[in-house]
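[1] sequence isn't available, so here's the structure alone:
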């Protein structure tokens, strides 16, 4: 009978197990990134820009005094805005 040492192929088996784990993680990580990061971010952008009114934002900046070229209160009046 051929006697084999009990640690025969141990290194190879451990290496192959590590390769299997690495391959599984390499396939699962992008899916998790897409599902947990990219999809919610796209949903937030879609929600934000579907309700975004740039003219309203500019009016708030003018009235708040955030624009150096427009002193506070110099923006269009409510009547002028309704006529447009």
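    Nice, I can see it. Small disclaimer: the values here were computed from a predicted structure and weren't measured.
[2] what about residue 39, how many neighbours?
    11 (other C-beta atoms under 10 Å). C-beta here means a position set from N, CA and C on the backbone, and glycine is covered the same way.
[3] in the chain, which helix or strand is least confident?
    The weakest-scoring helix or strand in the chain, judged by mean pLDDT, DSSP states H and E, is helix 78-83 (a mean of 58).
[4] phi, psi for residue 69 please.
    phi -80, psi -10 (degrees, to the nearest 10).
[5] separation between it and residue 61?
    11 Å (C-beta to C-beta, to the nearest Å).
[6] between those two, who's got more neighbours?
    For residue 69 versus residue 61, neighbours defined as other C-beta under 10 Å are more numerous around residue 61 (13 against 6).
[7] tell me who's in contact with the more buried one.
    Residues in contact with residue 61 (C-beta atoms under 8 Å, 6 or more residues apart in numbering) are residue 67.
[8] report the buried residues of the helix or strand harbouring it.
    Assignment of secondary structure by DSSP states H and E places residue 61 within helix 54-64. Going by neighbour count (16 or more other C-beta atoms under 10 Å), the buried part of helix 54-64 is residue 62.
[9] right, I'll leave it there.
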